[in-house]
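# could you look at this predicted model? Sequence included:
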Amino acid sequence: MRHFSLSASAELRGHKADVRALCSHGSHLVSTGYDGLINLWDVGRPDAPVSTLGDGSLGRMLCVCDVANRKLFASAGLDGVIRLWDAHSGACAAKLEGHVSSVSSLLARAQTHELFSGGGDEHVLIWDLRSNQGMSSLRGHATSTRALAFGAGDEMLYTGGGDGQVRAWNCKRDTRASVQTYNAVEVLRGPLFAVSALAHDGALSLLASAGMDNVLYCWDLATHSQFTAEGRIRMAAKALRGHSGVVNAVLAWGERGLVSASADGTLRVWDTSMADQDLAPFSTFRVSDGALAHGVRALHALDATRLCTGSSDGGIKVWQSTDKT
């Protein structure tokens, strides 16, 4: 585990309300939020966005996702419509309509040309990005699906719901089948409140879920393949406590550990290499004033040394890591 410090290297100002989602698209950072705008940034030139897509009329935006093999990125929000954008022209290349409620999570699988979307209608929809048509639907959560993450070589899909459950789905694609059927493998229980974010650390075979109870839960998935489709419930989950507000985002940042972002206005870094011991954050970094309504709302790793955070005041910060000696 490499211990390090973080310092803010740039601040990007272009949003008028909460920044809810961040992703990389080529050499640009994409941001979106409650003002309905989608901004593309060159983080080396933070004074203004390179371009802005939309005029705010799309309503509150909740998620963005890069679609690498199509040279597009996707966005979605409260209106339930997924839009594919051509960043070069600024045009909306396609609209994917199928959800009957808001869409709060997007995840693309490049090698199979699939896009997964989760929202308030309890369904995860799977889209074929070659035809822009819906392929399949997964239903398991009793309420909204709020978070998506891949694991096990992108063949396992994890979903986090408003019902406090994390579900695992076998999404290995059968190239011989004309219709794909993805099966529920396991229900992971841990959070008592809604799940707000998920992250998978492939090196440690660890899954982290962030919740509305201010706690992160981590599962060791080393023996995950032994579980079958009976829906076996696995209770054991290590709780990571330290935040004083809702944990809005979490990511696995390689050998630097697990990073969480919270409504308390802080980032916390967890040494997950000590998984057999009680975990506590070894570093805490203040991003915004904890008095802000929702603190840090979005988190994204640009590369192995830089993070970006989006906050409820509309600001985006770029953080540079420096190894401690």
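Noted; the coordinates are in hand.
# so Arg173 touches Thr112, yeah?
Yes. At 5.2 Å, Arg173 counts as touching Thr112 under the criterion of Cβ atoms under 8 Å. Every C-beta, even on glycine, is put in place using the N, C-alpha and C of the backbone.
# which of these two has more residues huddled nearby?
Taking other Cβ atoms under 10 Å, Arg173 and Thr112 do not tie; Thr112 has more neighbours (20 against 14).
# point out where this structure drops to low pLDDT.
1-3, 69-70, 174-181, 184-185, 189-192, 223-237, 273-284, 287-294, 324-325 (pLDDT under 70).
# how long is stretch 141-161 from one end to the other?
Length of stretch 141-161, first residue to last, Cα to Cα, to the nearest Å: 6 Å.
# next one: it to chain centre, how far?
Mean C-alpha position of stretch 141-161 versus that of the full chain (Cα atoms, centre = their mean, to the nearest Å) differs by 10 Å.
# so which bits of that stretch are buried?
141, 144-152, 154, 156-161 (16 or more other Cβ atoms under 10 Å).
# and for stretch 25-35?
His25, His28, Leu29, Val30, Ser31, Thr32, Gly33, Tyr34, Asp35.
# swap in stretch 256-272?
Buried-residue list, stretch 256-272, by 16+ other Cβ under 10 Å: 256-272.
# one step back: mind putting the buried residues of stretch 25-35 in TSV, distance to Leu6 included?
Formatted as TSV, these follow (distance: Cβ to Cβ, whole Å):
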residue	distance to Leu6
His25	24
His28	22
Leu29	17
Val30	22
Ser31	19
Thr32	24
Gly33	22
Tyr34	26
Asp35	27
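# between these, which sits nearest Thr305?
Relative to Thr305, the closest of the buried residues of stretch 25-35 is Leu29; by Cβ to Cβ it sits at 14.8 Å.
# what about the strands in the stretch 51-200 of the chain?
Along the stretch 51-200 of the chain, the stretches classed as strands by DSSP state E, counting those that start in this stretch are 51-53, 61-67, 72-77, 81-86, 91-97, 103-109, 114-119, 123-128, 133-139, 145-151, 156-161, 165-170, 183-189, 195-201.
# relative to Asn39, which of the ones you listed is closest?
strand 51-53 (5.3 Å).
# now the closest one: buried residues?
Buried-residue list, strand 51-53, by 16+ other Cβ under 10 Å: Leu53.
# walk me through which strands it pairs with, and which way each runs.
Strand pairing for strand 51-53, determined by DSSP bridges: strand 38-41 (antiparallel).
# how about the strand it pairs with: buried residues?
So strand 38-41, judged by 16+ other Cβ under 10 Å, has buried residues Ile38, Asn39, Leu40, Trp41.
# now distance to Cys92 too, for the residues you listed, in a markdown table please.
Converted to a markdown table, the buried residues of strand 38-41 look like this (distance: Cβ to Cβ, whole Å):
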| residue | distance to Cys92 |
| --- | --- |
| Ile38 | 10 |
| Asn39 | 16 |
| Leu40 | 14 |
| Trp41 | 20 |
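# the residues you listed: which two are farthest apart?
Ile38 and Trp41 (10.8 Å).
# now, which of the buried residues of stretch 256-272 lie within strands?
Leu258, Val259, Ser260, Ala261, Ser262, Thr266, Leu267, Arg268, Val269, Trp270 (DSSP state E).
# need those residues in JSON lines (columns: distance to His300).
Formatted as JSON lines, those follow (distance: Cβ to Cβ, whole Å):
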{"residue": "Leu258", "distance to His300": "15"}
{"residue": "Val259", "distance to His300": "10"}
{"residue": "Ser260", "distance to His300": "13"}
{"residue": "Ala261", "distance to His300": "10"}
{"residue": "Ser262", "distance to His300": "15"}
{"residue": "Thr266", "distance to His300": "17"}
{"residue": "Leu267", "distance to His300": "12"}
{"residue": "Arg268", "distance to His300": "16"}
{"residue": "Val269", "distance to His300": "15"}
{"residue": "Trp270", "distance to His300": "18"}
